[in-house]
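Visitor: Return atomic coordinates for the entry below.
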Amino acid sequence: MKRSANRILTTHVGSLVRTPEIIETMIARELGNPVDAEAHAEQLTAGVREVVQRQANIGIDVVDDGEYGKVGWTPYLAERLNGLEPVDMRSMGDVGDLYPDAERFGDFYREYQRQETTQWLPDTPSRAQYHGSLNLVALACTGPIAYRPEALERDIRNLRAALDGLEVEEAFIPVAAPCSVELFPNTYYESQTDYLYALASALSVEYRMIVDAGFILQVDDGVLPLRYFASFRDKGLAEYKKWAQVRIEALNHALSGIPEDRVRYHVCYGSQNVPHTTDPELIDIIDLILQVNAQGYALESSSPRHEHEWQIWEDVKLPSGKILIPGVISHCTNVVEHPKLIANRIAHYADLVGKENVIAGTDCGFSQFWNLIRVHPQVQWAKLEALSAGARLASERLWR
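Guide: Numbering: from 1, shown residues only. Below you'll find the predicted structure:
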């Protein structure tokens, strides 16, 4: 990974709002309409070229493909892992398992879930027929886990082609952590640990392919922190940490043999624009995060629930050689942050861990599923432009 040697570099977490053409194809699939696979492949190639170019044009230094080739940040693995099959999401438990504060905010969640997957969809030909849902489909393990590389090979080809002739610092590809995939129920392996390590071994193929292709590997782990209150709120922090430690070790197993300086680890508290009153405190899990064999740590840092947590670095020492990628713009509001505020946020981290050890990022992705669009597409790009402008202001201050 490149460091902020002469100025603050910029990046983001990965998912960006898909093009109207890609979204129209996804809606057609949801409605059970026929989809032209060749035309969709062309949509992906063109869309990735466009989104990479736009990132470069506005000054994002470390870019990706917007995750355009994925239906969602973990369900994409249905295309890539043998042994996973679609199941009704309701079999995974009630809403309280996913939203620990659902009892307190039940009315809010019922209203939110009605509009979550439709609010910012573009006006495509099939839009009027689509009433929105999370598809209520997840995956379950029903057989031996094994990796299929074809979809990743396509994504690598598209990203490589889109980068041709562009001047950016680096490019990354985000993929799921074993812990986040383990959320899908297991009906095949004798123990949950066996299942976890089968996932880790299979995902290690994906991880190595990305690094071997010359890209930075970003491992996304939104589930690890969420399990704290979802599953361990009555058992306590010590029991949670025992559970989490096994998941960190499984991730490091998947990363075995991959150079640390080609890896960054992203942790957030769920991308939903919800109250987040039961998110864990970063100080309670930072020791776990820093055990991951990665050079960079991309952390949610600017949402109203977590912005204060830059202060933990007054007491927690960032290990030598590591890089922080704090989110200095948020995915959970359509308010576009002022560049001066962004510069101030960057400066907090630079003052505590060293300016060369900071890359300015985002809290989370802007569209973790094709139909979970967190802000309006125009706002998404305005936020990324503000990120770039804020990093320039911070650089002027820090290198003067």
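Visitor: how many neighbours does Val335 have?
Guide: The tally of other residues near Val335 (other C-beta atoms under 10 Å) stands at 11. Glycine gets a C-beta too; all of them are placed from N, C-alpha and C.
Visitor: Please enumerate the helices of the stretch 101-250 of the chain.
Guide: In the stretch 101-250 of the chain, the segments counted as helices under DSSP state H, counting those that start in this stretch are 106-115, 150-163, 178-181, 192-212, 223-232, 237-254.
Visitor: right, and these - which one's nearest Ile27?
Guide: helix 106-115 (16.0 Å; C-beta to C-beta).
Visitor: Could you list every helix and strand in contact with the closest one?
Guide: Here helix 106-115 touches no other helix or strand, going by 3 or more C-beta pairs under 8 Å, 6 or more residues apart in numbering; DSSP states H and E.
Visitor: same thing but 10 Å
Guide: Of the remaining helices and strands, those touching helix 106-115 by 3 or more C-beta pairs under 10 Å, 6 or more residues apart in numbering; DSSP states H and E are helix 95-98.
Visitor: if you skip the residues just before and after it, what's nearest to Glu307?
Guide: Nearest residue to Glu307, sequence neighbours excluded (C-beta to C-beta, 6 or more residues apart in numbering): Ser301, at 6.5 Å.
Visitor: Determine which stretch of the helices of the stretch 101-250 of the chain is the most buried.
Guide: Of all those, helix 178-181 carries the top mean neighbour count, a mean of 24, counting by mean count of other C-beta atoms under 10 Å.
Visitor: can I get the CA coordinates of that helix in PDB?
Guide: Below are the C-alpha coordinates for helix 178-181, written out as PDB (Å, rounded to 0.1, in the frame of the first residue of the first chain):
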ATOM      1  CA  PRO A 178     -15.100 -15.400   6.600                       C
ATOM      2  CA  CYS A 179     -16.900 -14.100   9.700                       C
ATOM      3  CA  SER A 180     -19.300 -12.100   7.500                       C
ATOM      4  CA  VAL A 181     -20.100 -15.000   5.300                       C
END
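Visitor: what helices or strands is that helix leaning on?
Guide: On a contact count with 3+ C-beta pairs under 10 Å, 6+ apart, helix 178-181 meets strand 137-147, helix 192-212, strand 216-220, helix 223-232, helix 237-254.
Visitor: And the ones you listed: which comes nearest Lys2?
Guide: Closest of the helices and strands packed on helix 178-181 to Lys2 is strand 216-220, at 9.1 Å (criterion: C-beta to C-beta).
Visitor: relative to helix 192-212, how tilted is the closest one?
Guide: Relative orientation of strand 216-220 versus helix 192-212 (axes from the mean of the first three to the mean of the last three C-alpha atoms, to 10 degrees): 150 degrees.
Visitor: Strand partners (parallel or antiparallel) of strand 216-220?
Guide: Strand pairing for strand 216-220, using DSSP bridges, gives strand 170-176 (parallel), strand 263-267 (parallel).
Visitor: In what element of secondary structure is Met26 found?
Guide: Assigned by DSSP states H and E, Met26 belongs to helix 20-30.
Visitor: I'd like the next helix or strand past that helix.
Guide: With elements assigned by DSSP H and E, the helix or strand that comes after helix 20-30 is helix 37-58.
Visitor: What about Pro377, how many residues nearby?
Guide: 18.
Visitor: mind checking how far the closest residue to it other than its chain neighbours is from Leu9?
Guide: Counting by C-beta to C-beta, 6+ apart, Pro377 lies nearest to Val17, which is 4.4 Å off, once chain neighbours are set aside. To Leu9, Val17 is 23 Å away according to C-beta to C-beta, to the nearest Å.
Visitor: and what of Pro275?
Guide: 33 Å.
Visitor: rewinding a little: as CSV, the strands paired with strand 216-220 with mean pLDDT and distance to Leu159 would be great.
Guide: Below are the strands paired with strand 216-220 laid out as CSV (pLDDT from 0 to 100; distance: least, C-beta to C-beta, whole Å):
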stretch, mean pLDDT, distance to Leu159
strand 170-176, 98, 6
strand 263-267, 98, 16
